[in-house]
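Engineer: Give me coordinates for this.
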Amino acid sequence: MPSAVAYFTNARLIVAPVSPIASGATLAHSPRWFGKSVKKPILAAAIADALAAATTPLPDPTPEAAKRSFIPFQDAAEVKNFKTFMRDARRVDLESDGDRVTLTPLTNLGPNNGFEANDGDAVTLPAADPDALAGTLLDLLGLRPAPSA
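Structural biologist: Numbering: from 1, shown residues only. Down below sits the predicted model:
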């Protein structure tokens, strides 16, 4: 299933595909960043692009490349290290089954413990409604009120 990740930290919204790698694990890569006032159509296009890119498997990274795989996310957030990135980071995972996209917010447990999924707060929407996907993502990241139904 194609998936993507969205973070909000240091006043930047970051969206990236999460692709399978040869070993069977997944790897978030190629982050794109936006300001917190990003327009919904631009964010919707970034979500669609990330989910489309997530369908292409990647080779396993070398051990050195694996250690450095999060640096592009730190660069996108304009922070120097992972601890600073995590200080106030919010995260939402996106997973598509083709017809629907599930957005799952996660709780930040700090730089040593990562994130924990809040499955009870997950929202599933039609993939064919990019405006609602973008609006719901902004809401789950705490950047805009929930879209009206």
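
Engineer: Which of the three states applies to the closest residue to D119 other than its chain neighbours?
Structural biologist: What sits nearest to D119 in space, not counting adjacent residues and going by CB to CB, 6 or more residues apart in numbering, is T104, at 6.4 Å. Placement of C-beta: from N, CA and C, glycine included. Of the three states, T104 takes strand according to DSSP: H, G, I helix; E, B strand; the rest coil.

Engineer: and the gap between N113 and P17?
Structural biologist: 24 Å (CB to CB, to the nearest Å).

Engineer: for L137, same thing?
Structural biologist: L137 is 15 Å from P17, by CB to CB.

Engineer: Comparing those two, which residue is more hemmed in?
Structural biologist: Set L137 next to P17 and count neighbours by other CB atoms under 10 Å: L137 wins out with 28 against 25.

Engineer: helices or strands next to the host helix or strand of the more buried one in the packing?
Structural biologist: Assigned by DSSP states H and E, L137 belongs to helix 130-140. The elements that helix 130-140 packs onto, with contact taken as 3 or more CB pairs under 8 Å, 6 or more residues apart in numbering; DSSP states H and E, are helix 40-53, strand 90-96, strand 100-108, strand 123-126.

Engineer: Thanks a lot, see you next time.
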